[in-house]
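Peer 1: Build the 3D model from these lines:
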Amino acid sequence: MDWLAYDTDNCSVQRTIEVIGDRWSGIVLREIFNGVRRFDQIKEHTGVSDSVLSDRLRKLVAHGILVSREYQEPGSRRRKEYRLTDAGLDLQPIFVSMLRWGDAHRPSADGPAIEIHHRGCGAPVRAAVVCDEGHVVQQRDVRASPGPGARLR
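Peer 2: Residues are numbered from 1 along each chain as shown. Sure thing, here's the model as predicted:
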């Protein structure tokens, strides 16, 4: 298979990175996955500027990753909180993989800052590559081939 013979303009990985691949989009999504959903809370917890946070939230909503919902605290003006859509929830394995990769390859001397567990049994959660037949696939047992959208250069 000569991948260099194929154009990369129709690459799904590239399209995904265009939506979530910058630093602040990833950090905003991390916060929302961890239950921090309100603008002021995200800003305070991450240190992101108002303009960058507004831009990233707008972008993630526009791409269908998040949905905004209005809320109002007594005596305050209406504000928005952000929730993951089904498309946003589909990103969870990516974030689980990044968390586990960071723990293994960029560890903190103090240990992991966050651990994720299955609510049902309490076991640690990890992402796995699984084929459509349900087999857990090892990384070296994956093979890529051109799909119907592949275009020769």
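
Peer 1: From here on, just use CA atoms for contacts and neighbour counts.
Peer 2: Noted.

Peer 1: Let me see the contact set for R151.
Peer 2: Contacts for R151 (CA atoms under 8 Å, 6 or more residues apart in numbering) come out as 6-7, 10.

Peer 1: Pipe these into JSON lines and attach pLDDT per row.
Peer 2: Shown next, in JSON lines, are those (pLDDT from 0 to 100):
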{"residue": "Y6", "pLDDT": "90"}
{"residue": "D7", "pLDDT": "90"}
{"residue": "N10", "pLDDT": "87"}
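
Peer 1: Next, format the residues you listed as a markdown table and append neighbour count.
Peer 2: Shown next, in a markdown table, are these (neighbours: other CA atoms under 10 Å):
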| residue | neighbour count |
| --- | --- |
| Y6 | 13 |
| D7 | 12 |
| N10 | 12 |
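
Peer 1: For the most centrally placed residue in the chain, give its distance to G64.
Peer 2: The residue lying closest to the centre of the chain (CA atoms, centre = their mean) is L91, at 4.3 Å. Distance of L91 to G64, given as CA to CA, to the nearest Å: 12 Å.
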